[in-house]
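A.B. asks: how would this look folded up:
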Amino acid sequence: MEKKQVVSVRVFQSMELEWDGHSIKNEGNRSQKLWLILAYIILSGQNGATQDGILSTFWEGSETGPGVLKTALHRIRTMLAESFGETFAKEFICCQKKTYTINESYTVVCDAEEFENYVRLARQTKNTDEQLNLYKKAFELYRGEFLSVFSDTSWVTPLHVYYRNLYLEVICSILEICEKKQEYEEVIELLQRAGKIVKYEESLYVYLMRYLMRMEKYSDVMNVYRQLSEMLEERLDAKPSEEAKSLYYEAMYASSTRLANMEEVISLVERQDADREAMYCELDFFKELYHAYCNGLSRNQQRICLAMIDITDIQDRLLSKRSLACCVANLKEVLCKNLRAGDIISMCSPCQFVLLLPNALEADVKRVMERVKKVYFKKYVHSPAKLTCYVKSVAAGEKR
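C.D. replies: Residues are numbered from 1 along each chain as shown. Prediction:
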């Protein structure tokens, strides 16, 4: 009986085929659609991919016939021939009764299928050591997200999510076993590697902070928290969870090894930068500052002013997401530079700023708002925004 030839297929991170000492991967200027069709056929397994299924997946909504698919298959075979030769290119993909399959003369070994198999076996075994070994093998196979370059493609997206969730299950299972063995160093290394693969997954950062705390690596905990904060702010416009904040503060307090003197405390809280301008903060902190100001000023029966600025288009409609983001960033800069040091700025909705101005009269604040608008439109002449300002004087400590 003729021995089947093994073709190794990798779909975690980039797509790569390897056969007989040669390889090819989806890099360079090759058509991404060709790689997607090739992956679609390979991952369809023994059942194959029907002609209608391929056409509806890759040419949905367009009036195309089998000819366009025939051209695509010709280009795929030409691409394969460059690395594996004409014979392989002609034989590898078969078509029978309008269904495309992989030639039975070749055995496809796919990293995604191996990954799933290791997870399945790990779930079934009751031996902890064997289970850990299987989960580690699965972990090593996951070199990157499933077809990460094509993750926004309709048929790739659900598989991308499926394998990501399976990978997170693998990590949690390894953590659970290593927790019992108190193998914290190994867990920390695993989480650091996983964080480079699965981007924007806060749970991995929190797990890492927990285990670093157990190893009393407090400066590392604080560094991880800063990385998490920067990542969430830059990519998702979000803030770390309460658990992450709690771990950060716990590490900060634990890292203090001696009592500070008064001069050190003053140096710590003193403003170092020469430029004094209004402060921007998140809404939760804004609320705390508001209450602190109210409690302080109420002793002298003083008033504070709240102001609000709406950002809309000239017809009072919401701006497009891109235009709004630009206007918000520009107005934030103008507000910080043109209000007093001690004034507080925040956002109470995606298109509204809220301002806290202590020891200010309502009439004065209204004039300040008009000045801010003039500065803004002078600097950003072509801005599509309309700025509408509201001002309210509030007695400090007044119950509403």
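
A.B. asks: need the helices for the stretch 201-350 of the chain, in chain order.
C.D. replies: Using DSSP state H, counting those that start in this stretch, the helices of the stretch 201-350 of the chain run over 202-214, 218-231, 242-254, 262-269, 283-297, 321-338.

A.B. asks: now those in a markdown table, with mean pLDDT?
C.D. replies: Converted to a markdown table, the helices of the stretch 201-350 of the chain look like this (pLDDT from 0 to 100):
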| stretch | mean pLDDT |
| --- | --- |
| helix 202-214 | 93 |
| helix 218-231 | 89 |
| helix 242-254 | 86 |
| helix 262-269 | 65 |
| helix 283-297 | 84 |
| helix 321-338 | 90 |
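
A.B. asks: could you dump those to CSV with distance to residue 74?
C.D. replies: Using the backbone N, CA and C atoms, a C-beta is placed for each residue, glycine as well. As requested, these are exported to CSV (distance: least, C-beta to C-beta, whole Å):
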stretch, distance to residue 74
helix 202-214, 44
helix 218-231, 44
helix 242-254, 53
helix 262-269, 70
helix 283-297, 58
helix 321-338, 40
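
A.B. asks: hey, which of the ones you listed is tucked in deepest?
C.D. replies: Ranked by mean neighbour count, the helices of the stretch 201-350 of the chain are led by helix 202-214 with a mean of 20 (mean count of other C-beta atoms under 10 Å).

A.B. asks: run through who's touching it.
C.D. replies: 168, 171, 175, 184, 187-188, 191-192, 194-195, 198, 218, 220-221, 224-225, 227-228, 232, 240-241, 243-244, 247-248, 250-251, 254 (C-beta atoms under 8 Å, 6 or more residues apart in numbering).

A.B. asks: could you pull out the buried residues of whichever strand or helix holds residue 189?
C.D. replies: Take DSSP states H and E as the rule and residue 189 turns out to sit in helix 184-197. Under the neighbour-count criterion of 16 or more other C-beta atoms under 10 Å, helix 184-197 has 184, 187, 188, 190, 191, 194, 195, 197 buried.

A.B. asks: just give me the closest of those residues to residue 360.
C.D. replies: residue 195 (46.1 Å; C-beta to C-beta).

A.B. asks: could I get the contacting residues of that closest one?
C.D. replies: Counting by C-beta under 8 Å, 6+ apart, residue 195 touches 201, 204, 205, 208.

A.B. asks: now residue 306
C.D. replies: Contacts of residue 306 (C-beta under 8 Å, 6+ apart): 354, 355, 356, 357, 391, 392, 394.

A.B. asks: again, 10 Å this time
C.D. replies: The neighbourhood of residue 306, defined by C-beta atoms under 10 Å, 6 or more residues apart in numbering, consists of 290, 354, 355, 356, 357, 362, 365, 390, 391, 392, 393, 394.

A.B. asks: among the residues you listed, which ones are in helices?
C.D. replies: Among these, the members found in helices (DSSP state H) are 290, 362, 365.

A.B. asks: check the separation of the first and last residues in stretch 225-243.
C.D. replies: End-to-end span of stretch 225-243 (C-alpha to C-alpha, to the nearest Å): 11 Å.

A.B. asks: any idea how far it is from the chain center?
C.D. replies: Distance, stretch centre to chain centre, for stretch 225-243: 10 Å (C-alpha atoms, centre = their mean, to the nearest Å).

A.B. asks: give me the buried subset of the contacts of residue 306.
C.D. replies: Buried among the contacts of residue 306 by 16+ other C-beta under 10 Å: 290, 354, 355, 356, 357, 365, 391.

A.B. asks: now do the strands in the chain.
C.D. replies: Ranges of strands in the chain, per DSSP state E, are 5-10, 16-19, 22-25, 49-50, 93-96, 99-102, 106-110, 279-280, 303-312, 344-349, 352-358, 386-395.

A.B. asks: out of those, which gets nearest to residue 70?
C.D. replies: Closest of those to residue 70 is strand 93-96, at 9.5 Å (criterion: C-beta to C-beta).

A.B. asks: that older thread, from the contacts of residue 306, pick the one nearest residue 32.
C.D. replies: residue 354 (45.3 Å).

A.B. asks: what's the distance between residue 171 and residue 134?
C.D. replies: 14 Å (C-beta to C-beta, to the nearest Å).

A.B. asks: my bad, residue 43
C.D. replies: On the measure of C-beta to C-beta, residue 43 and residue 134 end up 23 Å apart.

A.B. asks: more neighbours: which of the two?
C.D. replies: Of the pair residue 43 and residue 134, residue 134 is the one with more neighbours under other C-beta atoms under 10 Å, namely 22 against 18.

A.B. asks: the more buried one reaches residue 121, doesn't it?
C.D. replies: Yes - under the criterion of C-beta atoms under 10 Å, residue 134 makes contact with residue 121 at 5.2 Å.

A.B. asks: who's in contact with stretch 44-55?
C.D. replies: The contact list for stretch 44-55, computed with C-beta under 10 Å, 6+ apart, reads 36-37, 40-43, 56-57, 62, 64-66, 68-70, 72-73, 93-102, 104, 108, 110, 113, 155.

A.B. asks: would you mind writing the PyMOL command to select the buried ones in those residues?
C.D. replies: Only the buried entries of those go into this PyMOL selection, using 16+ other C-beta under 10 Å:
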select buried, resi 36+37+40+41+42+43+69+72+73+93+99+100+101+102+108+110+155
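
A.B. asks: and the closest residue to residue 293 other than its chain neighbours, what's its pLDDT?
C.D. replies: Nearest-residue entry for residue 293: residue 358, 5.2 Å, with adjacent residues in sequence omitted and distances by C-beta to C-beta, 6 or more residues apart in numbering. Here, the pLDDT recorded for residue 358 equals 86.

A.B. asks: for residue 358, which residues are in contact?
C.D. replies: Contacts of residue 358 (C-beta under 10 Å, 6+ apart): 289-290, 293-294, 296-297, 302-305, 340, 342-344, 396.

A.B. asks: ok, residue 166 next?
C.D. replies: Here residue 166 is in contact with 112, 115, 116, 119, 138, 142, 146 (C-beta under 10 Å, 6+ apart).

A.B. asks: the second one touches residue 170, doesn't it?
C.D. replies: It refers to residue 115. Yes - contact criterion C-beta under 10 Å: residue 115 and residue 170 qualify, at 8.4 Å.

A.B. asks: good, wrapping up.
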